[in-house]
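Chemist: Turn this into a structure:
(4 chains)
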2 protein chains.
Amino acid sequence: MARVATTTDAFNAVAEPKRRQILDVLVAGERSVNDLVTLLGLAQPQVSKHLRVLREVGLVDVRDDGRQRMYRLNGHALKPIHDWLKNYEQMWNDRFEALDDVLDDLKQTEAADGGSSK
Amino acid sequence: MARVATTTDAFNAVAEPKRRQILDVLVAGERSVNDLVTLLGLAQPQVSKHLRVLREVGLVDVRDDGRQRMYRLNGHALKPIHDWLKNYEQMWNDRFEALDDVLDDLKQTEAADGGSSK
DNA sequence: TTATTATATACCTATATAGGAATATGTCAA
DNA sequence: TTGACATATTCCTATATAGGTATATAATAA
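Modeler: Now for the predicted structure:
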């Protein structure tokens, strides 16, 4: 079997770096396809194709504006990724590293109390 | 061209749902390959293969223990994903939704002051 | 109408999977 | 040693991309 489809969920859609770039541009606001082509230096068909994937997983919405199509970010579609990461945050959080320091201090104090002089 | 390699970064490694499942098990602590096979109901070779991908992107570390190999999570490798999401959090945060409510209220008050009676 | 601009789709190709099955490697026990 | 267990690797196949190029569709302008 091949890989899970890119349009399966936000995880897969966002695995492609150029699609992340597109989203990063759209955070600032609505953009036409051509804007994205210019800003990212990609070929127009590939931009359209990436946008289709992003649209299929709900990461962007479109609006017709004359002959342009304005794409706009829908950040909510990223929440499942953020939610999944919740269980792991503690592993790199400053707050937890601070806690680790405290625990290390406690251990050292214990060791000192225990009598190890070296 | 095909898709970006699964071993390119955490984004791609984690796009595969079964690899996320493996990580979800490892949050609780170290596990042998067979533990994972049993807990997840997957075939042993596929588990080994998924673990290889996770190892190549630094998401897990291994330790030899007799004939077992104990795998352990390295959550730090997920931080780049979390960092990337930082720019988007505001779009689904309660705090921002609360702010939206406030802004809506303001708008309504304005409208009322403006004289729209209907 | 025709031309021009903006975007989407179709077609082609190379490539990297993920799973299944078989087998290799490695470690311990008898 | 031989056998049993634990894990990794190899080989095979079907499939879904991503990029390139060409073309279709759609909307405006002349």
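
Chemist: Get me the contact residues on chain A for DNA strand D.
Modeler: A:1-3, A:5-7, A:12, A:16, A:18, A:43, A:45-46, A:49-50, A:53, A:64, A:66-67 (CB under 7 Å from any atom of the strand). Just so you know, the C-beta spots here come from the backbone N, C-alpha and C atoms, and that holds for glycine as well.

Chemist: Can you tell me which of those residues end up in strands?
Modeler: residue A:64 (DSSP state E).

Chemist: Show me which of the residues of chain A next to DNA strand D are buried.
Modeler: For the residues of chain A next to DNA strand D, a burial check counting by 16 or more other CB atoms under 10 Å in any protein chain shown picks out A:6, A:12, A:16, A:50, A:53.

Chemist: for those, which one is nearest residue B:32?
Modeler: Here the nearest of these to residue B:32, counting by CB to CB, is residue A:12; it sits at 29.0 Å.

Chemist: how about that closest one, what does it touch?
Modeler: A:3, A:4, A:5, A:6, A:57, B:15 (CB atoms under 8 Å, 6 or more residues apart in numbering or on different chains).

Chemist: Please settle this for me: is residue A:62 part of a strand?
Modeler: Yes: Residue A:62: assigned to a strand according to DSSP: H, G, I helix; E, B strand; the rest coil.

Chemist: who touches it in this structure?
Modeler: For residue A:62, counting by CB under 8 Å, 6+ apart, the contacting residues are A:51, A:55, A:69, A:70, A:71, A:72.

Chemist: Return the subset of these lying in strands.
Modeler: Using DSSP E, the contacts of residue A:62 in strands are A:69, A:70, A:71, A:72.

Chemist: Do a quick rundown of the helices in chain A.
Modeler: Under the criterion DSSP state H, chain A contains helices at A:10-13, A:17-26, A:33-40, A:44-56, A:79-85, A:94-114.
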